[in-house]
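1. sequence and predicted model, in that order:
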Amino acid sequence: MNSKELYAKAKTLMPGGVNSPLRACRYVNAEPVFIENAKGAYLYDVDGRKYIDYVFSWGPQILGHQDPAVSEAAHKAIDQGSSYGAPCFGEVALAEAINKLVPSMDMMRMVSSGTEATMSALRLARGYTGRNKFVKFIGNYHGHADAFLAAAGSAAAVVPGTPGVPEEVTKHTLLAQYNDLDAVKALFEESGDEIACIIVEPAAGNMGLVKPKNGFLQGLRDVCTQYGAVLIFDEVITGFRLARGGAQECYGITPDLTTLGKIIGGGFPVGCFGGKREIMEHMAPVGGVFQAGTLSGNPVAMAAGLATLNRLAECDYAALEARTTAFTEELASIVEGKGKPVHLVQIGSAFTMYFSDKPVTNMIESGQCDSEAYATYWQQMLAQGVYLAPAGFECAFTSFAHTDEDFEKTLEAARKVEF
Ligand code: PMP
């Protein structure tokens with residue numbers, strides 16, 4: 001079956017034909033292509049077409065698809081059994097590797113998705129502080145647990161909350177604009193002794209890539225320390241992406257808890273939350289905060305994650321950043337040369353080229369970008385073999401597998417786009 005046929009059948013079996021909403025490509029007025037294979041920097045669809053990938057499964061595949069060391073580790077693990085429901089070596093090895101690279105995570109727990117990681121971190125912060133309220137930022141996405149689905153970014157960007165979440169659940173969710181420290185201070189002045197935590201994407205990746213303004217993260221750190229609230233960095237995207245030690249290494253700010261996902265699973269379903277020992281020891285079975293998972297610490301996922309982190313130790317982040325800068329600056333100048341103003345944001349191997357003539361520092365500004373122009377650009381890039389995120393408010397990723405030739409071919413495709 002080709003993509004068109006698969007999509008037609010998929011729509012009869014799954015809402016929108018997909019298992020995660022953005023994949024339906026509605027924001028770019030298109031139908032999805034169905035992928036058959038992925039290797040290195042490339043995706044191959046069932047229609048026999050090849051694409052240079054800038055999505056990489058929304059972040060996990062920083063080494064490119066089927067990195068030989070990661071594949072070998074996963075295959076080897078499968079040969080030893082796919083799930084035990086009992087402790088195994090891989091959990092300890094991956095936790096130790098994470099602890100070395102993200103030293104603020106004294107202790108951690110493995111789960112199976114980023115959603116579980118943030119949901120559990122929030123429960124832990126509430127259980128630890130005995131407080132219910134928490135602060136989240138408009139346009140930050142922390143997975144789809146009920147409490148976070150108020151003004152979430154990414155796939156939920158245009159949905160103000162969602163049906164199915166009772167008001168009683170989100171009434172404890174306090175909202176502030178990203179980068180607005182004064183708004184956070186005001187919330188704490190009003191109800192600081194009821195706020196369990198602030199959760200933040202230290203560099204935001206779900207309203208497009210948005211950098212934290214100077215002093216913003218330090219300000220959050222100070223407010224949390226002052227009021228005895230827990231600071232949670234959601235590093236599901238930024239972990240091992242912005243730097244080996246994530247955004248906390250990049251910006252030099254230490255959170256109390258961190259959530260991870262994506263890269264630490266090497267393409268398998270993994271999430272993780274962890275942080276200060278004193279807080280983590282409130283988790284069951286040591287403490288009273290409950291959380292559990294049938295597939296948590298899955299041996300295949302642990303092996304793939306560990307192999308990924310080991311491989312990343314040999315990778316040159318600074319070199320990839322420099323290549324990404326050169327590539328994205330040229331890309332932006334090509335599009336601008338066609339009369340479309342763009343605002344480029346790039347950190348390391350993540351970037352967003354906003355179709356906007358203004359800087360983007362929060363969700364309001366991200367929402368004002370020209371989504372029609374993005375759709376045109378996306379469709380024509382896809383037709384020329386370049387696979388970009390099917391929405392203008394997502395970040396794109398380069399990988400250690402991209403060659404200079406891949407970047408040059410992408411630029412060549414951009415030169416041919418007609419708006
Ligand atoms: N937090 C952030 C910052 C994310 O970007 C995502 C997913 N894109 C999540 C949490 C949720 O992770 P998952 O999709 O694995 O549940």
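-> Arrived safely. Numbers count the residues shown, from 1 in each chain.

2. in the stretch 151-300 of the chain, which spans are strands?
-> Taking DSSP state E, counting those that start in this stretch as the criterion, the stretch 151-300 of the chain carries its strands at 173-177, 195-200, 230-234, 257-260, 271-275.

3. and the ligand, is the second one touching that?
-> No: Strand 195-200 does not reach the ligand (C-beta under 6 Å from any ligand atom); its nearest approach is 9.2 Å. The way it works is simple: take the backbone N, C-alpha and C, and place the C-beta from them, glycine included.

4. dump the strands of the stretch 151-300 of the chain into TSV; add mean neighbour count as well.
-> Listed next are the strands of the stretch 151-300 of the chain as TSV, based on neighbours: other C-beta atoms under 10 Å:
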stretch	mean neighbour count
strand 173-177	19
strand 195-200	26
strand 230-234	29
strand 257-260	30
strand 271-275	28
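
5. I'd like those laid out as CSV, including mean pLDDT.
-> Formatted as CSV, the entries for those read as follows, by pLDDT from 0 to 100:
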stretch, mean pLDDT
strand 173-177, 93
strand 195-200, 98
strand 230-234, 99
strand 257-260, 99
strand 271-275, 98
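
6. need the longest helix for the protein.
-> The helix of greatest length in the chain, counted in residues with DSSP state H as the criterion, is given as helix 317-337.

7. what about the next helix or strand after it, distance to the chain center?
-> Scanning forward in sequence from helix 317-337, with DSSP states H and E defining helices and strands, the next element found is strand 343-347. Here strand 343-347 is found 16 Å from its chain centre; the criterion is C-alpha atoms, centre = their mean, to the nearest Å.

8. repeat for stretch 192-199
-> Averaging C-alpha coordinates over stretch 192-199 and over its chain gives two centres that are 23 Å apart (C-alpha atoms, centre = their mean).

9. give me the contacts around that stretch.
-> Where contact means C-beta atoms under 8 Å, 6 or more residues apart in numbering, the residues beyond stretch 192-199 that reach it are 118, 121-122, 125-126, 128-129, 131-136, 140, 142, 148, 174, 184, 187-188, 220, 223-224, 226-227, 229-232, 234, 256-257.

10. check the residues you listed for burial and list the buried ones.
-> Of the members of the contacts of stretch 192-199, the ones counted as buried by neighbours, 16 or more other C-beta atoms under 10 Å, are 118, 121-122, 125-126, 128-129, 131, 133-136, 140, 142, 148, 174, 184, 187-188, 220, 223-224, 227, 229-232, 234, 256-257.

11. now narrow these to whatever sits close to the ligand.
-> Within these, those near the ligand by C-beta under 6 Å from any ligand atom are T118, H142, D234.

12. host element of the first one?
-> Under DSSP H and E, the secondary-structure element containing T118 is helix 114-129.

13. and that helix, how far out from the chain middle?
-> Mean-position distance between helix 114-129 and its chain equals 17 Å (C-alpha atoms, centre = their mean).

14. likewise stretch 286-298?
-> Here stretch 286-298 is found 22 Å from its chain centre; the criterion is C-alpha atoms, centre = their mean.

15. next, the distance between the ends of it.
-> Start-to-end span of stretch 286-298 (C-alpha to C-alpha, to the nearest Å) is 21 Å.

16. so Y51 sits in a helix?
-> No: membership of Y51 in a helix is not supported by DSSP: H, G, I helix; E, B strand; the rest coil, which gives strand.

17. how close does it get to the ligand?
-> Distance of Y51 to the ligand, given as C-beta to the nearest ligand atom, to the nearest Å: 21 Å.

18. now do V184
-> Relative to the ligand, V184 is positioned 18 Å away (C-beta to the nearest ligand atom).

19. possible to save the ones next to the ligand among the buried ones among the contacts of stretch 192-199 as CSV with distance to N362?
-> As requested, those are exported to CSV (distance: C-beta to C-beta, whole Å):
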residue, distance to N362
T118, 20
H142, 16
D234, 17
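
20. check for me that K39 belongs to a strand.
-> Yes: assessed with three-state DSSP, K39 lies in a strand.

21. could you pull out the helices in the stretch 51-200 of the chain for me?
-> 68-78, 89-101, 114-129, 167-170, 181-191 (DSSP state H, counting those that start in this stretch).

22. what's the most buried one of those helices?
-> Mean neighbour counts were compared across the helices of the stretch 51-200 of the chain using mean count of other C-beta atoms under 10 Å; the top stretch is helix 114-129, at a mean of 24.

23. for that one, packing partners?
-> When contacts are defined as 3 or more C-beta pairs under 8 Å, 6 or more residues apart in numbering; DSSP states H and E, helix 114-129 sits against strand 107-111, strand 133-138, strand 195-200, strand 230-234, strand 257-260, strand 271-275, helix 277-280.

24. residues in contact with the helix or strand of the chain with the lowest mean pLDDT?
-> Of all helical and strand segments in the chain, the minimum by mean pLDDT, DSSP states H and E falls on helix 167-170, at a mean of 86. Under the criterion C-beta under 8 Å, 6+ apart, residues D146, A147, L149, A150, G161 lie in contact with helix 167-170.

25. C-alpha coordinates for that helix, PDB please?
-> C-alpha atoms of helix 167-170 as PDB (Å, rounded to 0.1, in the frame of the first residue of the first chain):
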ATOM      1  CA  GLU A 167     -11.800  22.400  36.000                       C
ATOM      2  CA  GLU A 168     -11.100  21.100  39.500                       C
ATOM      3  CA  VAL A 169      -7.800  19.600  38.100                       C
ATOM      4  CA  THR A 170      -6.500  22.700  36.400                       C
END
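
26. need the residues of the stretch 201-350 of the chain near the ligand, please.
-> E201, G205, N206, D234, V236, I237, G261, G271.

27. let's go with 5 Å and repeat that
-> Taking C-beta under 5 Å from any ligand atom as the criterion, the stretch 201-350 of the chain approaches the ligand at residues E201, D234, V236, I237, G261.

28. from these, pick the one nearest the ligand.
-> V236 (3.5 Å; C-beta to the nearest ligand atom).

29. now do the contacts for the spatially most central residue of the chain.
-> A centroid search over the chain (C-alpha atoms, centre = their mean) returns I237, at 2.9 Å, as the residue closest to the centre. Contact criterion C-beta under 8 Å, 6+ apart gives G59, E201, G205, N206, K262, A350, C395 as the residues in contact with I237.

30. what sits against whichever residue of the chain sits closest to the ligand?
-> Of all residues in the chain, G114 sits closest to the ligand, at 2.2 Å by C-beta to the nearest ligand atom. With contacts defined as C-beta under 8 Å, 6+ apart, the neighbours of G114 are H142, G143, D234, V236, T259, L260, G261, K262, G271.
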